[in-house]
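Peer 1: Return atomic coordinates for the entry below.
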Amino acid sequence: MQHTGSCLCGEVTFEVDGDFENFFLCHCERCRKDTGSAHAANLFSSTAQLRWLSGKENVKTFNFKSTGHIKSFCSVCGSALPNIQMDGTLLVIPAGCLDSDVPIKPEGHIYVANKANWDNELQNIPEFDHLPNEDNA
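Peer 2: Just a heads-up that it's a prediction; the model follows:
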């Protein structure tokens with residue numbers, strides 16, 4: 001299966017050829033810090049191939065060596081981008097950078113002991129298709 005993706009500003013585009021084996025929502029402190037959110041949403045594949053279509057020169061990678069945490073991002077807009085880990089054996093794709101539909105659902109939350117204290121019991125809060133009180137007329 002082929003998937004396409006890009007960064008927020010559109011300078012970096014890529015395609016992934018192959019299937020995703022896992023989809024986890026990671027609540028570790030490093031993922032919360034580098035996403036600025038409650039968790040990272042990452043797809044994993046040991047067989048898919050990544051190909052940069054444009055902007056490869058704008059892809060930067062931060063390797064927090066003491067922890068094994070790796071993050072690739074667009075140097076123009078800062079968007080998270082795919083990277084290759086585990087000595088080239090694992091492709092990690094932030095689900096939000098895909099432009100094509102993600103074919104699998106998350107299979108679990110990981111590192112929940114590090115979950116943000118505000119990220120609990122959210123099933124009853126309101127949902128909006130836009131900002132609250134935004135006039136869509």
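Peer 1: OK, contacts around C28?
Peer 2: By CB atoms under 8 Å, 6 or more residues apart in numbering, the contact set of C28 is I110, Y111, N114. Placement of C-beta: from N, CA and C, glycine included.
Peer 1: Just give the nearest non-adjacent residue to the residue nearest the centre of the chain, would you?
Peer 2: Centroid-nearest residue in the chain: P94, 1.8 Å away (criterion: CA atoms, centre = their mean). Leaving aside its sequence neighbours, P94 sits nearest to A80 (CB to CB, 6 or more residues apart in numbering; 4.0 Å).
Peer 1: Does H39 touch H27 like I think?
Peer 2: Yes: between H39 and H27 there is a contact at 4.7 Å, judged by CB atoms under 8 Å.
Peer 1: between those two, which one's more packed in?
Peer 2: The residue with more neighbours, out of H39 and H27 and counting by other CB atoms under 10 Å, is H39; that gives 22 against 19.
Peer 1: Which residues lie in contact with the more buried one in this structure?
Peer 2: H39 neighbours (CB under 8 Å, 6+ apart): L25, C26, H27, C31, R32, H109, K115, D119.
Peer 1: Emit the ChimeraX select command for whichever of the contacts of C28 are buried.
Peer 2: In ChimeraX, this line selects whichever of the contacts of C28 come out buried by 16 or more other CB atoms under 10 Å:
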select :110,111
